[in-house]
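S.K.: Test case, fold it:
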Amino acid sequence: MIASLLLPVLLALPAQQAQDTKSAADGIIHRLRAVQPEDFSWGSGLPDACRALDALSRSPRAYTDLDGPFFRVPAQRIAAAAADLDPALVVLALGQCLNGQVAQARDAALQRLISGRPRRDYEALLALRTYPPPDLVLPAPLPGDEPAVAVLLAADPASVVAPPATDTATWTRWARAARLRGVRPQELPPLPEPGPDARFPELLAALQTVNALHGVLASAGQPQLPEADQRPGFVAPGQDLAAALERAYAYFETHQRGGTFGLGLPGADDPEPGITAMALTSVQWIARRTGRARPAWVDEGLDFLVALQQPDGSIQLHGLDVYTTSVAIEALSAADREQDRGVLARGRNFLLAMQADEGEGYVSAQDPHYGGVGYGGDERPDLSNTQMAIEAARLAGASQDDPFFAKARVFLERCQNLSERQELRWPRAEGGALVSGNDGGATYMPGNSPAGENRVADGVWQARSYGSMSYALAKSYVLCGVPATDARVQAVVRWLARNFTVDSNPGYQKAADGAQGLFYYYLVMARTLALLPEATFVDDEGRPIAWRAPLTRKLLDTQRTDGSWINEASPRWWEGAPPLATAYAVLALQAASGG
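M.R.: A predicted model of the protein is given here:
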C-alpha cells in the first residue's frame, strides 16, 4: 500500500494514488462522524468545531453547509457566535459555506481580520492567503518562524526549507501553506493510520494530513493511456457476439490472479474489490451464455469478496463502501451460492443503512441530499451511488415497500431537471443561484453536474442534464416502484430519446467531454432500456428507437484483439483500466442481448 511510499513512486500513477487519499479521507470522516455527538457538536467547543469544518471543507469531497446536519448545524452555531470567536477560525470554518446568514458571518469575520491588529500566526495568515483582499500586504518572515508561517510570508516561498516528512504535524501545516503559494512538496509522509481507539484530536489531525497529501497527488493529473502503437489493436469490424465473448473470456482468464483483478496497469494491479466483482459478474454471464461451467477461479474471487465483509456489512478493502458492496452483491447473487445468503443479507442491510435520512439527522425540507446514498454514507450522496445501492438492495431481496425506496424517490426528484414537478433553488458557490431546469433529464447531485451549467438569467444558473445520470434516474425510479407511465419517468425517457447516441455520453457543455465515463454510460443505458417497456422509448413522432443493435455493434467493433476494451478517449474514472472497461462492456452486452 502507499503508506510507505514517497513522492517519486506516488506520482507514477497519480490518479490511482489520489483515489487512495480520497478513500483514506472518507474512512477518517466516517470515524469522525462516529465520534460526533448527537447534537452535532465537534470536539470540546466551537474552536474545535471551526477546525473540523475547515478540514471537512478542504477534504477531497469539499463539504459545505448544503451537505447535511453534520456540517450545517455546527456552521450555524459558529455563525451565531462568530463575534466571540477568533475571526481567522471563523473564516476558515465557513469559507465554503453557501447559505446566506452563514456566509454573511464569514464575510464579517474576514473584515474583522483585515481591519484588526496585524497578525502573523498560522491560522490568521492562512485565512488571509486563502481569501486575500485586493491590497493584501503581509510582513516579512522572521528567522524563528515555523516553516508554515515562513512560506506564507516569504516573497519567494520556494526558498523556505521544507520540514522533514517524518515530522507529520509540521509537514501538514507547511504543505497546506505551500500549496497556497504554489510550492510542490518533494517528499511525502505515509498515509496516517489512526488506531482503533483514536478520538477527535487524532482523527482531525489525520484528516488534515490526508487533505494535504490529496492536494499534492490530485494536482499531478490523470494517468495517460499507453501510446497508440503500444495498445492491442482493434478486432476486425463485423465480428459477432459469440466471438467477442470468447475473446473477453480469454482476457479475464489470463489476467485474473486467484480470481481477483486490479487496474491491469503496470505496477498497479493489486486486487481491487470493485473491479474484481464486476469482472466476476461478467465471467459468470459469459460462462452461462457459452455453456461453460463456472471456473474454479471465479469461486476463489467470490471467496475473496466474502472475506472482505466488515462488521457493518460492507464489502470493501479501502473505502468506496457503497460502490464495492453493491457490485459485490451482484457478483455473489449471480453465483447463487448457499453459503453467501447471510453475506448478501448483511450487505443489503448495510446499503439500506447508508441512506441519508432521519437516522443521521437529515431533514427533507432542509437537506438537499436527503434520501440519497454516497460512497460510504458519510460523503455527499450522489445519483450514481444511489442507483447502484437501489439496484443491489433489490437484487439482495429488499422489499419495494421498504421506506428506503420512498426516501430515495425524494432524492431522485431533486436530481431531475423537472421544475414543473418541483421548483428547486440552491446557492451557487461562484455566486448567484442554481435552479432546476425542466428538460426532464438528470444531474449527478441536486444542483450539481459535471456536464456543466447553463446561465438562464442574471445570476441564475441551471445544472445540465446528461446521459449516464439520466439513464440512472429512469432505472432508479422504476426500481423504486414508480410506474413507467408516471410523469417523472416519461419526462426523463423523453430526454433520453431526444439525446440517444452510442457515440458519446450526451449532455456535456463541451462535446469532447462526452467521452468521460463512456463505458459506464453504455452499461447504465443498456440496463435501463432493458428494464423499460419497449413501447416507451420512442422518438418525437412515436416511432420506436432501436437501441440494441447500434449499442451492440459499437461494443463489438471497439473490442481489442486481446479481448479487452478501454476508453480510448478518456481514462477518467478508471476507464483506462482494461479490466473495468471490459466488465462494463460485457455487462452492457448482456443487457442489450436480453441476458
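S.K.: Is the residue nearest the centre of the chain part of a helix or strand, or is it coil?
M.R.: Relative to the mean C-alpha position of the chain, the nearest C-alpha, by C-alpha atoms, centre = their mean, is the one of residue 375, at 6.3 Å. In three-state terms, and counting by DSSP: H, G, I helix; E, B strand; the rest coil, residue 375 is coil.
S.K.: shouldn't residue 58 be in contact with residue 209?
M.R.: No: using C-beta atoms under 8 Å, residue 58 is not in contact with residue 209; the gap is 11.5 Å. Using the backbone N, CA and C atoms, a C-beta is placed for each residue, glycine as well.
S.K.: quick one on the thing from earlier: contact partners for the residue nearest to the centre of the chain?
M.R.: With contact set as C-beta atoms under 8 Å, 6 or more residues apart in numbering, residue 375 has these partners: 26, 319, 320, 321, 322, 323, 385.
S.K.: just to revisit the earlier point, have a look at residue 58 and residue 209 and say which one is more surrounded.
M.R.: Shown here are residue 58 and residue 209; by other C-beta atoms under 10 Å, residue 209 has more neighbours (27 against 22).
S.K.: Now the more buried one: which helix or strand?
M.R.: Secondary structure assignment for residue 209, by DSSP states H and E: helix 200-218.
S.K.: Now flag whichever of the contacts of residue 375 is closest to residue 308.
M.R.: residue 321 (10.5 Å; C-beta to C-beta).
S.K.: Nearest spatial neighbour of the closest one, chain-adjacent residues omitted?
M.R.: Residue nearest to residue 321 in three dimensions, not counting chain neighbours: residue 376, with 3.8 Å by C-beta to C-beta, 6 or more residues apart in numbering.
S.K.: What separation do you get for that neighbour and residue 298?
M.R.: 27 Å (C-beta to C-beta, to the nearest Å).
S.K.: go on, residue 88?
M.R.: For residue 88, the distance to residue 298 - C-beta to C-beta - is 56 Å.
S.K.: Determine the number of other residues adjacent to residue 458.
M.R.: If you count neighbours by other C-beta under 10 Å, residue 458 ends up with 6.
S.K.: now swap in residue 529 and tell me
M.R.: Using other C-beta under 10 Å, residue 529 is surrounded by 23 other residues.
S.K.: host element of it?
M.R.: With DSSP H and E as the test, residue 529 turns up in helix 518-531.
S.K.: Please enumerate the helices of the stretch 351-500 of the chain.
M.R.: 383-395, 403-414, 467-479, 487-498 (DSSP state H, counting those that start in this stretch).
S.K.: Show me what the second one is packed up against.
M.R.: Here helix 403-414 touches helix 383-395, helix 467-479, going by 3 or more C-beta pairs under 8 Å, 6 or more residues apart in numbering; DSSP states H and E.
S.K.: Mean pLDDT and mean neighbour count added to these, as JSON lines?
M.R.: Shown next, in JSON lines, are the helices and strands packed on helix 403-414 (pLDDT from 0 to 100; neighbours: other C-beta atoms under 10 Å):
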{"stretch": "helix 383-395", "mean pLDDT": "97", "mean neighbour count": "25"}
{"stretch": "helix 467-479", "mean pLDDT": "98", "mean neighbour count": "28"}
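S.K.: Turn these into CSV, including distance to residue 556.
M.R.: Putting these into CSV (distance: least, C-beta to C-beta, whole Å) gives the following:
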stretch, distance to residue 556
helix 383-395, 25
helix 467-479, 21
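S.K.: Please name whichever of the ones you listed is nearest to residue 486.
M.R.: Taking C-beta to C-beta, helix 467-479 is the member of the helices and strands packed on helix 403-414 nearest to residue 486, at 7.1 Å.
S.K.: Can you give me the distance of the most far-flung residue of the chain relative to its centre to residue 161?
M.R.: Farthest-out residue of the chain from its mean C-alpha position, per C-alpha atoms, centre = their mean: residue 143, at 43.3 Å. From residue 143 over to residue 161 the distance is 12 Å, taken as C-beta to C-beta.
S.K.: rewinding a little: any buried residues in the helix holding residue 209, and which?
M.R.: 200, 203-218 (16 or more other C-beta atoms under 10 Å).
S.K.: And stretch 161-172, by the same measure?
M.R.: By 16+ other C-beta under 10 Å, the buried positions in stretch 161-172 come out as 162, 163, 165, 168, 170, 171, 172.
S.K.: Please apply the same query to stretch 482-499.
M.R.: 482, 484, 488, 489, 491, 492, 493, 494, 495, 496, 497, 499.
S.K.: Could I get those in JSON lines, plus columns for pLDDT and distance to residue 233?
M.R.: Putting those into JSON lines (pLDDT from 0 to 100; distance: C-beta to C-beta, whole Å) gives the following:
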{"residue": "482", "pLDDT": "96", "distance to residue 233": "45"}
{"residue": "484", "pLDDT": "93", "distance to residue 233": "42"}
{"residue": "488", "pLDDT": "97", "distance to residue 233": "45"}
{"residue": "489", "pLDDT": "97", "distance to residue 233": "42"}
{"residue": "491", "pLDDT": "97", "distance to residue 233": "43"}
{"residue": "492", "pLDDT": "98", "distance to residue 233": "38"}
{"residue": "493", "pLDDT": "97", "distance to residue 233": "38"}
{"residue": "494", "pLDDT": "97", "distance to residue 233": "40"}
{"residue": "495", "pLDDT": "97", "distance to residue 233": "37"}
{"residue": "496", "pLDDT": "98", "distance to residue 233": "33"}
{"residue": "497", "pLDDT": "97", "distance to residue 233": "35"}
{"residue": "499", "pLDDT": "97", "distance to residue 233": "31"}
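S.K.: Residue 133: which of the helices of the stretch 351-500 of the chain is closest?
M.R.: Per C-beta to C-beta, nearest to residue 133 of those: helix 403-414, 36.5 Å.
S.K.: and that closest one, which residues are buried?
M.R.: So helix 403-414, judged by 16+ other C-beta under 10 Å, has buried residues 404, 405, 407, 408, 409, 411, 412, 413, 414.
S.K.: quick revisit: need the pLDDT of the residue farthest from the centre of the chain.
M.R.: pLDDT for residue 143: 91.
S.K.: contacting residues around stretch 448-455?
M.R.: Contacts of stretch 448-455 (C-beta under 8 Å, 6+ apart): 434, 437, 443-444, 461-466, 469, 507-510, 513, 516.
S.K.: Buried ones among the residues you listed?
M.R.: Among the contacts of stretch 448-455, those classed as buried by 16+ other C-beta under 10 Å are 434, 437, 443-444, 461-466, 469, 507-508, 513, 516.
S.K.: rewinding a little: sort out which residues of the helix holding residue 529 are buried, please.
M.R.: Residues of helix 518-531 classed as buried by neighbour count (16+ other C-beta under 10 Å): 518-530.
S.K.: now swap in stretch 304-324 and tell me
M.R.: 304-306, 308-309, 312-324.
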